[in-house]
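> predicted model and sequence below, questions to follow.
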Protein chains: 4
Amino acid sequence: MPSSLPQRFVLTLACANRPGIVAAVAGHLSDAGLNILDAQQYDDTQTDRFFMRVVFDPVSGETHLDMLEKGFAPLAERFGMTWTLRDKNEKRRVMLLVSKFDHCLADLIYRWRIGELDFEPAGVIANHPLETYGHVGLGDIPFHYLPVTKDTKLEQEAKLWEIIRESRADLVVLARYMQVLSDGLAAKLAGRCINIHHSFLPSFKGAKPYHQAHARGVKLIGATAHYVTSDLDEGPIIAQDVESITHRDSADDLVRKGRDIERRVLARAVRYHLEDRILLNGRKTVVFAD
Amino acid sequence: MPSSLPQRFVLTLACANRPGIVAAVAGHLSDAGLNILDAQQYDDTQTDRFFMRVVFDPVSGETHLDMLEKGFAPLAERFGMTWTLRDKNEKRRVMLLVSKFDHCLADLIYRWRIGELDFEPAGVIANHPLETYGHVGLGDIPFHYLPVTKDTKLEQEAKLWEIIRESRADLVVLARYMQVLSDGLAAKLAGRCINIHHSFLPSFKGAKPYHQAHARGVKLIGATAHYVTSDLDEGPIIAQDVESITHRDSADDLVRKGRDIERRVLARAVRYHLEDRILLNGRKTVVFAD
Amino acid sequence: MPSSLPQRFVLTLACANRPGIVAAVAGHLSDAGLNILDAQQYDDTQTDRFFMRVVFDPVSGETHLDMLEKGFAPLAERFGMTWTLRDKNEKRRVMLLVSKFDHCLADLIYRWRIGELDFEPAGVIANHPLETYGHVGLGDIPFHYLPVTKDTKLEQEAKLWEIIRESRADLVVLARYMQVLSDGLAAKLAGRCINIHHSFLPSFKGAKPYHQAHARGVKLIGATAHYVTSDLDEGPIIAQDVESITHRDSADDLVRKGRDIERRVLARAVRYHLEDRILLNGRKTVVFAD
Amino acid sequence: MPSSLPQRFVLTLACANRPGIVAAVAGHLSDAGLNILDAQQYDDTQTDRFFMRVVFDPVSGETHLDMLEKGFAPLAERFGMTWTLRDKNEKRRVMLLVSKFDHCLADLIYRWRIGELDFEPAGVIANHPLETYGHVGLGDIPFHYLPVTKDTKLEQEAKLWEIIRESRADLVVLARYMQVLSDGLAAKLAGRCINIHHSFLPSFKGAKPYHQAHARGVKLIGATAHYVTSDLDEGPIIAQDVESITHRDSADDLVRKGRDIERRVLARAVRYHLEDRILLNGRKTVVFAD
């Protein structure tokens, strides 16, 4: 990133709750010549854990991420914090996985292209060939065609992981990828792999959720973005939304209406992740929304 | 009802789909000097069943419900219709069942009192004593205190049924009644007993759905109004709605936010039923909304 | 369109209300060997006008649009109907107008490409050059670059009209075109030109509605799709939607959030128009939604 | 309030933005033996003003509000803060004003009675007699009948103000009061008088907004809760919500649907005010929602 952008940093932290955390963090930043631009916090009174997100910049001059980290480490240790510190101007690298339906892919690419989502595309991995996505406008983004069958699933996933690793992707997005990741891969991507499921979980887990919803006769359908865990459709939920339907809607209508919900829910979840707004809280998430 | 109100009738029907139904029904009404005010129809192309709701009045003069029924019967027989014909000016009698939480009861009573919901209260049956509901404004509505314990459930339900029967209630509303009806009673009330469940079914069936939702970390909560069947929480869904929540919402906050969703969803379902807008379609509903 | 698709026709009509219209229409179709698949009607009791939309197909064999029209004309005349009859398999030709912001254009093109919106692109007219829209995937769609300045507005609009006319466009969509049409052109396109305005009209008419909304401190923003009339931002409203915002949202955030609302509201309005679901009722619309 | 409730305090503040405010506030509280339970902040980068809300309790023992105020005053002065400090266990006194339509009154009273809204009713002032509200369950709440005509408006308002003053009301809620307050009274109640307007302002200001909305043919209706200022319908907006409508909805249907929106929007605004979540920011509000 060009150094001409004003510096801006994001600190996230979680620790056991006790008096004085905010004062300690705010005091440390102030003493270090840093100005808090935004701060949000949350006490989980059930588990007695404390969560915080702070955005700050230097009051004057420039600073360096590693200096900031060195400065903060003792305080973090004192409170037993799990923490991250990130330069907002360093873009995250995002790998997008897709299958036949590319509405989420097309949407994420569009939002990236107009600057709404601020990331560096690390590549697209698809189990359909490049021409399937001719109209999506992938441009120079590295494209990997990794077809998969029941018999080749193991080898395909090994290649998948290699590509992710070599691309130095910070975040993997299953943009309607429609393949269940193995427990091993899910573990490797813990906390940095987002999936979009086309139902308002925990309703209609598993395959063909719109058809399940149609058969049950619900009056609303939805979509859920969640972190991938080895426990299918049980990962921490990041964002959900729904729309009303009626008896007139066929299963195909649900699929159509669902596309709109899926793409906006997934885009919201990806944005929150890119902006370090999501902290894991057991099997749940703390989302410091804007 | 005073005869001074203009006459207005509602016909609902369901039958196997085949060409000419609309023409036959519309032609019959026209020939009988009746004017269609509103008509809605639906073909379920999966099951090939046809559903229709027609509102009509006499072009001139007065008519009688039994004459209309006699007139329509041959046509209904020809098409093998399941049908109902109702004088809109004849109010339905509604029995309201409630437990400790009375927000749905209070809301239905208020809507009845200001004329928004057009019914005749047949009574209130509660498993808490009258003074619990002192502020609800029950006025002259017959009140029945039927406490229930595990041991007395059978006898209590027998009395419940007796009261419903003797009150000639057309519709029974479980306004947060919190007791599961026996299969037998559910069968007796088939198609005329509406329950409000405090989750967006089929998520979080059974007890304490808000606590289940809180534990799972969903980002929206909801409520579902459905007809009661012997299969708990599996009855045909009439109406659903949701609201967004965040990690900051405790289980108690969900209960609070849920009250608003419950009362508006239940009120909508009751209104649709009172206006003959709901037709059963297997385990689903056709709702001819306004 | 290939003749292999099953035939399907849409009839829309409006006339002064009087008894027997439904019976006459349904009887006529039945007698002509046509089967009603869907029918919706509406009586405007304020103006005493009647509106109807009927979808039908031949019970057996094939039929022809002009035969259907000839058959229906006497009945239409008898009731003084304004009416249209259309072969659903004949695609409408749509001309898309765009300025710098192309999110609505990209969205409509994507929905067309995956078959969600069923039309024939007649072309794109833009006041920025083709390379501006490189990522939208216009493919073979005729592109017309028509830059405009205050001084050239008149000539530019003359060319615009010529292109629309020569392309035989049935519908013109102002997909964030950002230019006010002259009264003359608005009149020529009456009832077949849809605009998306980025506010919940009638709030925030005119320029920079998101900035107006931000300055006023509203807690929700929206978008409105409407038919274009000579009276700016006053045309009949087809569809509207909103989203919640907070004090934390800057005017730029509103622009970002608004893009999502705009594209889904415009897509909905275009789909309703393409499916003959919208009937004009004075300065309002009757929308027979699905 | 019984002293047995755990102590809890809310601090709100606004001042010109500059580095170190959060550190200074958090440090002060920590040094004073106080523990931050919740903190939210907002920088208005347009006006460069800083807003903060902090909830805290004593780490151990008891404390007193006036001691806290004395302790905080020097810091507040140093930063030029506008600030309030409140004991959460001290209930606010609320005066409710109502006219003929009592759905908002009934709703607020119900929420108060079940403990959802935590306030002390200071009284009800109505321009209809007590029997109009017989079913609302006012109980012991002081009721004042203040009929008003064009000719008596001045005297009526003088009495109104006297009652408000003598009742020591902290907050005045116009729960569909339908009378415009004079500039003088509006000024006296600045920042502590909430009105519910039955439109999504700034659309449909003034009288009969639902009828205006029906005439315009909008596809959604709404309600707006705002602080009362001398500039009618222009006060700072606290909360808004909307619902979809269709061409089938008559003006009366809008009134019915609107009641639900009005009561939930007003209840939300009142709750936010009671919990010190609203800070004024010029003609806008900062709402630190939960």
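Ah, there it is.
> give me the element residue A:229 is part of.
If you go by DSSP states H and E, residue A:229 is not part of any helix or strand.
> tell me the pLDDT of it.
Residue A:229 carries a pLDDT value of 95.
> one more: residue A:259?
So, for residue A:259, pLDDT stands at 98.
> which residue, other than its chain neighbours, is closest to it?
The shortest distance from residue A:259 to any non-neighbouring residue, by CB to CB, 6 or more residues apart in numbering or on different chains, is to residue A:103 (4.7 Å). C-beta: built from backbone N, CA, C; applies to glycine.
> residues in contact with the one you found?
Contacts of residue A:103 were listed using CB atoms under 8 Å, 6 or more residues apart in numbering or on different chains, and they are A:176, A:259, A:262-263, C:110, C:114.
> from these, list the buried ones, please.
A:176, A:259, A:262-263, C:110 (16 or more other CB atoms under 10 Å in any protein chain shown).
> ok, so of those residues, who is nearest residue B:31?
Ranked by distance to residue B:31 (CB to CB), the buried ones among the contacts of residue A:103 are led by residue A:259 at 47.3 Å.
> surely the closest one is within a helix?
Yes - applying DSSP: H, G, I helix; E, B strand; the rest coil, one finds residue A:259 inside a helix.
> let me see the ranges of the strands in chain A.
Counting by DSSP state E, the segments of chain A that form strands are A:9-16, A:34-44, A:49-58, A:82-87, A:92-98, A:119-126, A:143-145, A:171-174, A:193-197, A:220-227, A:237-244, A:278-281, A:284-287.
> right, and those strands - which one's nearest chain B?
Closest to chain B of the strands of chain A, according to CB to the nearest CB: strand A:284-287, at 3.1 Å.
> what residues does chain A have near chain D?
Within chain A, the residues that sit near chain D (CB under 8 Å from any CB of the partner chain) are A:19-27, A:29-31, A:35-41, A:43, A:59.
> ok, residue A:164 to chain D distance?
37 Å (CB to the nearest CB, to the nearest Å).
> now, of the residues of chain A next to chain D, which are buried?
Buried subset of the residues of chain A next to chain D (neighbour count, 16+ other CB under 10 Å): A:19-27, A:29-30, A:35-41, A:43.
> and the stretch 1-150 of chain A, which residues reach chain B?
Counting by CB under 8 Å from any CB, the residues of the stretch 1-150 of chain A close to chain B are A:42, A:44-46.
> if any of those residues are buried, give me the ChimeraX selection for them.
To isolate the buried members of these in ChimeraX, using 16+ other CB under 10 Å:
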select /A:42,44
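> thinking again about what came up before, can you redo the buried ones among the contacts of residue A:103 as JSON lines with distance to residue C:78?
Below are the buried ones among the contacts of residue A:103 laid out as JSON lines (distance: CB to CB, whole Å):
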{"residue": "A:176", "distance to residue C:78": "53"}
{"residue": "A:259", "distance to residue C:78": "45"}
{"residue": "A:262", "distance to residue C:78": "49"}
{"residue": "A:263", "distance to residue C:78": "49"}
{"residue": "C:110", "distance to residue C:78": "45"}
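> show me the domain layout of chain A.
What the TED database lists as the domains of chain A is A:9-87, A:93-287.
> wait, residue A:285 touches residue A:235, no?
No - between residue A:285 and residue A:235 there is no contact under CB atoms under 8 Å: 9.5 Å.
> pLDDT on stretch A:176-190, on average?
Across stretch A:176-190, pLDDT averages out at 94.
> for that stretch, buried residues please.
Residues of stretch A:176-190 classed as buried: A:176-177, A:180-182, A:185-186, A:189 (neighbour count, 16+ other CB under 10 Å).
> and the residues you listed, which is closest to chain D?
Chain D has its nearest neighbour among these in residue A:176, at 28.1 Å by CB to the nearest CB.
> so how far is chain B from that closest one?
20 Å.
> so who does that residue touch?
Counted by CB under 8 Å, 6+ apart, residue A:176 has contacts A:98-99, A:101-105, A:196, A:198, A:262.
> one more time with 7 Å
Shown in contact with residue A:176 (CB atoms under 7 Å, 6 or more residues apart in numbering or on different chains): A:98-99, A:101, A:104, A:196.
> next one: phi and psi at residue A:127?
Torsion angles at residue A:127 (phi, psi; degrees, to the nearest 10) stand at phi -100, psi 20.
> that one and residue A:148 touch, don't they?
Yes - using CB atoms under 7 Å, residue A:127 makes contact with residue A:148 at a distance of 5.0 Å.
> re the thing from before, show me which pair in the contacts of residue A:176 is furthest apart.
Maximum distance among the contacts of residue A:176 (CB to CB): 11.7 Å, for A:99 and A:196.
> more crowded one of those two?
Taking neighbours as other CB atoms under 10 Å in any protein chain shown, residue A:99 and residue A:196 compare with residue A:196 leading, 24 against 17.
> report the contact partners of residue A:194.
Contacts of residue A:194 by CB under 7 Å, 6+ apart are A:173-174, A:225, A:227, A:238, A:269-270, A:273.
> which one of the residues you listed is nearest residue A:94?
Comparing those against residue A:94 with CB to CB places residue A:173 closest, at 6.2 Å.
> what is the burial count for the closest one?
29.
> from residue A:122, how far off is it?
10 Å (CB to CB, to the nearest Å).
> shared neighbours, the two?
Shared contacts of residue A:173 and residue A:122, defined by CB under 7 Å, 6+ apart, are found at residue A:94.
> which ones are touching the residue sitting furthest away from the middle of chain A?
Largest separation from the mean C-alpha position in chain A: residue A:248, at 34.5 Å (CA atoms, centre = their mean). Under the criterion of CB under 7 Å, 6+ apart, the neighbours of residue A:248 are B:42, C:290.
> residues of the stretch 101-250 of chain A that sit close to chain C?
Taking CB under 7 Å from any CB of the partner chain, the part of the stretch 101-250 of chain A that reaches chain C is made up of A:106, A:110, A:113, A:116, A:135, A:137, A:139, A:248.
> in helices only, show me those residues.
Among those, the residues falling in helices (DSSP state H) are A:106, A:110, A:113.
> distance check, the last one against residue C:126.
By that I understand residue A:113. Distance of residue A:113 to residue C:126, given as CB to CB: 17 Å.
> now do the contacts for whichever residue of the stretch 151-290 of chain A sits closest to chain D.
At 8.5 Å from chain D, residue A:244 is the closest residue in the stretch 151-290 of chain A, using CB to the nearest CB. Residues near residue A:244 by CB under 7 Å, 6+ apart: A:219-220.
> quick check: bridge partners of it?
Applying DSSP bridges to residue A:244 yields these beta-bridge partners: residue A:220.
> what stretches of the stretch 1-150 of chain A score poorly on pLDDT?
By pLDDT under 70, the weakly predicted segments of the stretch 1-150 of chain A are A:1-3.
> coming back round to it: most tightly surrounded among the domains of chain A?
domain A:93-287 (a mean of 19; mean count of other CB atoms under 10 Å in any protein chain shown).
> for that domain, the distance to its chain's centre please.
Taking CA atoms, centre = their mean, to the nearest Å, one finds the center of domain A:93-287 at 10 Å from the center of the full chain.
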